[in-house]
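Colleague: Pasting the sequence and the predicted coordinates here, then a few questions.
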Amino acid sequence: MNSGAIPLSVIICTHNPRSDYFGRTLDALRAQTLQPGKWEMLVIDNASKQPVQERFDFTWHGGARVIREDKLGLTPARLRGIAEAHGELLVFVDDDNVLDPDFLETALRIAAERPFLGSWSGQCRPGFEEQPAEWTRRYWGNLVIRQFDTDTWSNLPRLADTMPCGAGLCIRRDVARHYLALNQAGQRSVQLDRTGTSLLSGGDNDLAACACDVGLGVGLVSTLKLTHLIPPVRLTEDYLSRLAEGIAYSSILLDRERGITHPPRGALGRVADYVRTLLLAGPHRRVLRAAYRGRDRAIRGLPTS
């Protein structure tokens, strides 16, 4: 296929995927109402121990390509997908995402109807294996669970209320190529995405925010829907604490990449942080302390613990 020959590219970055989860991801793609001839599927196998091509069947899609990327990390995998994609619209699908049947068709319709948007995502319903403890609900947003009724958009690259997420991220080709160029030119000093067991989580925001760099907007669209499969391990106190630390750490680094600086916390700020944690009980205290720790380590230029 030549560049621009098809409307849409689905890019799946995966590293040692769970067979049952990834199987559901592929089944949902196979069930899309958008005909396969209108989209290609790129599976970026990011240094999996057993190549995914040996574990899964991709032959049902005539435009499927499995591409090996041995540099570990979600950022290198995404960059490889952008470089290899032929579509005018790129849709990033995680290996634990189950798209609604009309997802790709809806994504293309949004691209046509809203030319002012450069990147967007939609609703992410939870697909829990086990019913989580009620205390975890406060942190479901950190697990990319988003449900809403009203579409929102802005041209502000760091506004949380309109920032798309990485699950089902739709991004125009020109915006994605701008992100690729920034990385190739060395204008991104750190990887803001997960690498191995790291829980850094800022790369999808950086990618989506590139829409604002080229004069377009970012947004959330309610008609675009998927289910995010979530295993019990991601709902434990330990995981949610480490995730909060990684998100806080990544947020400071992303701000720095975009010219926003955060001074070190003064004595009064440290006292306020201490009081806030004392007012919380049980796991909430641990999660907040972890978030503060991630923030402070990033401000001081220290690696995550």
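Modeller: Great, that's in hand. Numbers count the residues shown, from 1 in each chain.

Colleague: Can you classify the most centrally placed residue in the chain as helix, strand or coil?
Modeller: The residue lying closest to the centre of the chain (Cα atoms, centre = their mean) is Gly166, at 2.1 Å. What DSSP: H, G, I helix; E, B strand; the rest coil gives for Gly166 is coil.

Colleague: Could you tell me how many residues sit around the closest residue to it other than its chain neighbours?
Modeller: Using Cβ to Cβ, 6 or more residues apart in numbering and skipping the chain neighbours, the partner closest in space to Gly166 is Asp204 (3.0 Å). All C-beta atoms are positioned from the backbone trio N, CA, C, and that covers glycine. The number of residues packed near Asp204 is 26, by other Cβ atoms under 10 Å.

Colleague: what domains does the record give for the protein?
Modeller: Listed by automatic domain parsing, the domain ranges of the chain are 8-233, 245-299.

Colleague: Can you lay out the ones you listed as a markdown table showing distance to Tyr239 and mean pLDDT?
Modeller: Output for the domains of the chain, formatted as a markdown table (distance: least, Cβ to Cβ, whole Å; pLDDT from 0 to 100):
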| stretch | distance to Tyr239 | mean pLDDT |
| --- | --- | --- |
| domain 8-233 | 6 | 94 |
| domain 245-299 | 10 | 92 |
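
Colleague: one step back: now do the contacts for the residue nearest to the centre of the chain.
Modeller: Going by Cβ atoms under 8 Å, 6 or more residues apart in numbering, Gly166 touches Phe92, Asp94, Ser121, Val144, Gly203, Asp204, Leu207.

Colleague: For the second one, give its distance to Lys225.
Modeller: Using Cβ to Cβ, to the nearest Å, we find Asp94 at a distance of 15 Å from Lys225.

Colleague: the strands in the stretch 151-300 of the chain, which residues?
Modeller: In the stretch 151-300 of the chain, the segments counted as strands under DSSP state E, counting those that start in this stretch are 152-154, 169-172, 217-230.

Colleague: so Gln147 touches Gln123, yeah?
Modeller: Yes. Counting by Cβ atoms under 8 Å, Gln147 does reach Gln123; the two are 5.3 Å apart.

Colleague: Who has more neighbours out of these two?
Modeller: Counted by other Cβ under 10 Å, Gln147 and Gln123 do not tie: Gln123 has more neighbours, with 21 against 12.

Colleague: what's the distance between that one and Arg109?
Modeller: Noted for Gln123: a distance of 16 Å to Arg109, by Cβ to Cβ.
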